[in-house]
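Chemist: what follows is a protein structure lacking sequence information:
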Ligand SMILES: Nc1ncnc2c1ncn2[C@@H]1O[C@H](COP(=O)(O)OP(=O)(O)O)[C@@H](O)[C@H]1O
Ligand SMILES: Nc1ncnc2c1ncn2[C@@H]1O[C@H](COP(=O)(O)OP(=O)(O)O)[C@@H](O)[C@H]1O
Ligand SMILES: Nc1ncnc2c1ncn2[C@@H]1O[C@H](COP(=O)(O)OP(=O)(O)O)[C@@H](O)[C@H]1O
């Protein structure tokens, strides 16, 4: 079985490079004995360093959702809804984890019946032989790390993706509807897309050579598009555009920004599935993209509104983090810088002008930041992964790769949009999507949870 | 010297399994030379991956107390006492660390004069040859990691255990009394119990075959029982049951919950003392238990009170984390799920009905969550560690192990309760346990520390 | 190329010890083959455990600034300026990172043209061959870790150092002036000092045998002195000494304290550039120094003001962290304890009496805590690094080392003071350092960023 | 001169303010208060403990106005703050002996 | 009608509210205020700097009531808010010209 | 007795309080309010959306005083709260029928 990193690096030369790299790590030992040790045997050994990094990466990605994203979003809503947002993030953490154990992991990563080039059911969804992790013990390996660790790491991705969507329908969705939507969405959107991209040989997008290192398509495009559809279907908040809906606690949002940024090192760096040069380069370009995007957003604001804002800087940084995600394992520092600048500018436009123009109430700009950022990164990876632009994909043909990336992004977006729409409409017709206007006025904290955020 | 993990895995077959596991890690190398390298020599080598994981685990467990637990607790008290709680956590961090250096570590882990099966003074408390870490340098190893790192990791446990108790007497205990109580309690309760369970061959509970991977007995039962005794001895807060004592900042509590949850990966995963499959399985079952317990608590509330609450979800998750702690190195994912569900339900009852029935003011439910959760986990480990239930203790006899666990839990509880009671009464008679009613009314922040939490 | 740790351990015997230590780690393997593997070959191999630790250390040090330091500082200012402080930390994170890529790293760590004993331009500043990390891929190594990881780790130091200074001129400096000052200061102060201390063989201070493990001189003395100069040049806040400037949210400051403390494990532990006994000892002494300093500060307050304060405890802990930084890789636990006690007491005096006496408005006590703490540690390293005091520098001559340390500290202080003064005056004359009195009255959040921190 | 104190629902504040500004009310002072009245409060539940919270968030407007325009102001507030549901609030009218503008020292109606 | 403003200690609020509800007071408005008076404030110390804080947290009750029951209300508050220690607070009574219930438009005593 | 309500700029509070203490005012009650008047508010911008915030933070002082010293108090406040810029605030004076000190039950001017 192959690692996540090799899965996404489907171009032959990349694999070769990777093999070379591993070789180099073990070289001194290898040379000393000059014995033919099959690569497979080496693969089957647990590496404590890689395991250490993946353990902590798992913790870091979990940290991104609780409390990182929860705080980032929580600070942006009004006081009366702060707990509802925090609770949604926490409840999704718990619920998605259980689903991931029950069948999620298996549906995403069981490679039963898959073969390079063969298109069939399992090109789109995994099998069920790994449901409940049956038969997998602490000793079972995936590459150099325990498989259960790969399970846990990927679980944190399956947590944060639906949690990202929460920002779009914040302050008005019923808690029960949110749980139903997220669960069904995980099953019908996240699992297949995840499988198609990261499912390994025989997976639909993987076979096409789509590059998505840490989830530009799998995480950000899916979440961003679902967010857009959700906020349109559920409709704007009461009083949207007529009353001021000012973030109630920007210090909370900035705290969350810092946590997201730091946690993203685990998100992108951990996607190397090893503590190696790839992971190191991934965190470096991740950091540089966030920095460049934050400065870009801030700079544009400074020019347009005369004043740079903390929220702008923070939002820009998150846009840069989202955008660099699919590229982080393939590009160099300058690529990170460029992706940051482009995403900072494009996401600024999307979150301000675009939103205003079309009038949808994407309350916390999930589409504008994650959807658009994910798109930007998914396309730009075709450019900056090329060696001429500092990337590590030697033989990459920029043009054709761009086409591949665009296709995958669009197919994912259309599929996600469609399924999300059907789910939302279905829930609306049955248990209802939205709280009553009175509950919305009172605030979800009291209306749905009988709690109050602050009582100074 | 043996590692923490082997210490707690005292059943012969377990050790054998562990040996096998280590063997497998080094197998390729071993096989290649086919030379007889003594296991001891292999043990005596520092493993950078294990060391990396233990370094970060140490940081994670420290993070659980400052700021994790401090925020979790701080948000639950009233505004006027928030700093007092935060400060107690911070002061305990500093003070327990110094005590740990001076003699704590030695009293807990010095194995001078110990022998399997021999019952003597050192079955109950360690020697003093490691006081001040004299003679121990960066090169001294414990298993595959520096001994000083083992010292530091265990120190973070000696910090959080007394810090947990703080929640029981919050909003009314004198700061000086708290420092005295915690220091004496560390010496008279924590150190002996820790030694008896984790002290290695010859330690009382270890020799009996008690399973406690990461501190169900050592941390949660001791803290929980001490908390119960403390809140009874010190008496309820002024106005308890007649005035509303509503958490002043649930966003703070939820932030702390996220931090505790993430930090717990270091707590339980780090208790493997290595970056391996055990650690990976430990964080996975830890996460699943927290998830299941959170959902269970929330679900019960939803049924009983019609509304699911953020605090309920968070409290449930912490209960699940506490309960899975003793079991985390021995069970599989389904064991994690089950322990979560049971502890979520039982701790809910303990923190609501039981408390109301007996009328004690365990202000932040330390007993209901940690004490009861620790108990649940300590007993259930006897079930879910069995291979038939997905655990890794092949030869475990569920019935007899259950007896062993129950005995150890009860003995610990009785001993802890007794000593805590004597300490509290003693302090009350000398310097006094409780602030004046006037100080309590004014709030501890101003009365004891001349500070105010917020000044918006 | 050598690692950071060896760079700062420039005394021959230290190197010898280090070599021995590494030897010992690889000994079993070495002995088995009894083959002559050159040390260089071993050096040139990536170690996944070391890499894992450095990846997470990088994340931890970033975490210190965002959100750690941002919260620590943010809680200390008045409500109307909280966002300005948070934003300064975030903006510096982004801006310094870009500068670090463009030329910072190269100017600090490019060793072109350097030679032991040779004093020339490159004794004071590095070359520019590593600008933009050109030619460096994920495979390039620095010691046992990817060079890009060393780049990223050091980048987090170049972020936090200017961010520390922010506390001195908080609540009154123009945002644009802050960005200009920090950028120029990074170039003209941080880069050369960093190069002189950590630039390796041929670097000015390194050749003199100056010991600075993790930045007592490079980080804390430079930041502390710049802070002192800055707060004098910019002048006190409107109403300083006549109106109460009470911290607006101490829970925020205490949260930041916890984060700084935990993150410091990466700062000092990561400066070993490996997951080994040095790193383990570094985090242990770091923790003990923080604990001792916190207790000391609290104790003094308890005696003088009758009441121990949370802010005092927290400030003391940070002072202890700053002071132990230069020493953390060279001393033993007792050294950590002692440095903590001394720095707790001295920094208390500096932040209270000294400040009051001279009347400067070092708003958040950057000089009193970091400057003075850095000084204390830089001097005391000469004592506690000695083997007789539990350190690991066998042949160290306390007297002469003390002289060396004092010289380096004073030279750095004078140089930093001078350049900072010139920069500040220059900016004041051109774009102006300070906001208008009216903007200051209104608060920087609204005046400069058109945002409000809280809207409950 | 009259002092008009109006207790209203917070989410009506903007509308009331605009309406008053339209009829030329040049100034007002607003504070956050909690009201107890016919409108019921709510229950909060924390770890199984139920707390009845009787006080509801309201906004209080203080407006000093010359006698002639008092009725008009009261009417405007009544109209804009009205939702027809319990808890819409009350308006209290009392006499003012004097008003002083601090900036200029003006007194009486001129100071309004 | 009368307007009764009572400044009391925060922790007596619940008792006072209950006592008033018992004697049939249908509504009141509460706000958080800070008081300065005979009761001394406190000192706060931050990094060695002492700040004298003169203002103490108090709660203000505003109650509009018909003339007949004003005395009764004052008595009830006095009784329940009383602790005998400095800082128990004050009650201020003034005249109200009119009261309007926004929901119904009722005026005068009917609006109470 | 008179009740003096003064709306002032927050940063003048300390000075006003000290001035009042000096002329022997034994007590006062302070609350945080928001003012709307000639002084303009400000704009806030969040992700490109501009919000006009009309209300400015002010502090309200309530002082009950016997009739003779009312003028003196008003003068002291006017002097100390004055900065000459828009938004300095207003002082409102009204009649008080009675004052009760809760601690002692004293009534009228004695209770001040
Ligand atoms: N007698 C009163 N004195 C002072 N405030 C009152 C009084 N009665 C009502 N209020 C205020 O008016 C608000 C609305 O009153 P309520 O009785 O709930 O509704 P309504 O006026 O529509 O019947 C209350 O929340 C309270 O703030
Ligand atoms: N003249 C006054 N005007 C307005 N409020 C006052 C006045 N005197 C006292 N108060 C309020 O009453 C509170 C209690 O007064 P204080 O003098 O401390 O105690 P006591 O009334 O018991 O003598 C003060 O905190 C203040 O809020
Ligand atoms: N008619 C009024 N009724 C109540 N409060 C008022 C009135 N006019 C002004 N205020 C208060 O006085 C403050 C200052 O008023 P403003 O018109 O801004 O400045 P100035 O009084 O200096 O002309 C306002 O913010 C508001 O709180």
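Modeler: Ah, there it is. These numbers were taken from a predicted model, which means no experiment stands behind them. Ligands and ions are numbered 1, 2, ... in the order given.
Chemist: neighbours around the residue of the stretch 201-350 of chain A found nearest chain B, how many?
Modeler: Chain B sits closest to residue A:252 of the stretch 201-350 of chain A, with a gap of 6.9 Å, by C-beta to the nearest C-beta. All C-beta atoms are positioned from the backbone trio N, CA, C, and that covers glycine. Number of residues near residue A:252 (other C-beta atoms under 10 Å in any protein chain shown) recorded here: 25.
Chemist: what's near enough to touch it?
Modeler: Contacts for residue A:252 (C-beta atoms under 8 Å, 6 or more residues apart in numbering or on different chains) come out as A:71, A:72, A:74, A:75, B:251.
Chemist: for the residue of the stretch 51-200 of chain A found nearest chain F, which residues are in contact?
Modeler: Using C-beta to the nearest C-beta, the single residue of the stretch 51-200 of chain A nearest to chain F is residue A:76, 8.4 Å away. Contacts for residue A:76 (C-beta under 8 Å, 6+ apart) come out as A:167, A:170, A:247, A:248, A:253, A:363, A:364.
Chemist: and the furthest pair within those?
Modeler: Largest separation among the contacts of residue A:76 by C-beta to C-beta: A:167 and A:248, giving 14.5 Å.
Chemist: who has more neighbours out of these two?
Modeler: Under the criterion of other C-beta under 10 Å, the comparison of residue A:167 against residue A:248 puts residue A:167 first, with 28 against 23.
Chemist: for my notes, confirm that one occurs in a helix.
Modeler: No: with DSSP: H, G, I helix; E, B strand; the rest coil as the criterion, residue A:167 is located in coil rather than a helix.
Chemist: dump the residue contacts of the nearest residue to it once chain neighbours are set aside.
Modeler: Nearest residue to residue A:167 in three dimensions, chain neighbours excluded: residue A:364, at 3.2 Å (C-beta to C-beta, 6 or more residues apart in numbering or on different chains). Contact analysis of residue A:364 by C-beta under 8 Å, 6+ apart lists A:73, A:76, A:77, A:167, A:168, A:170.
Chemist: burial count for the residue of the stretch 351-456 of chain A found nearest chain D?
Modeler: Going by C-beta to the nearest C-beta, chain D is nearest to residue A:450 of the stretch 351-456 of chain A, at 4.8 Å. Neighbours of residue A:450 under the rule other C-beta under 10 Å: 23.
Chemist: what's the answer for residue A:245, then?
Modeler: Using other C-beta under 10 Å, residue A:245 has 20 other residues around it.
Chemist: mind checking how far it is from chain F?
Modeler: Using C-beta to the nearest C-beta, to the nearest Å, one gets 8 Å for the distance from residue A:245 to chain F.
Chemist: that residue reaches residue A:78, doesn't it?
Modeler: Yes: using C-beta atoms under 8 Å, residue A:245 is in contact with residue A:78, at 6.4 Å.
Chemist: do stretch A:81-98 and chain B meet at all?
Modeler: Yes: judged by C-beta under 8 Å from any C-beta of the partner chain, stretch A:81-98 comes into contact with chain B at A:82, A:83, A:84, A:86, A:87, A:90, A:91, A:93, A:94, A:95, A:97, A:98.
Chemist: right, I mislabeled it, should have said stretch A:120-137
Modeler: Yes: Stretch A:120-137 reaches chain B (C-beta under 8 Å from any C-beta) through A:132, A:133, A:137.
Chemist: list just the nearest of the residues you listed to residue C:382.
Modeler: residue A:137 (53.0 Å).
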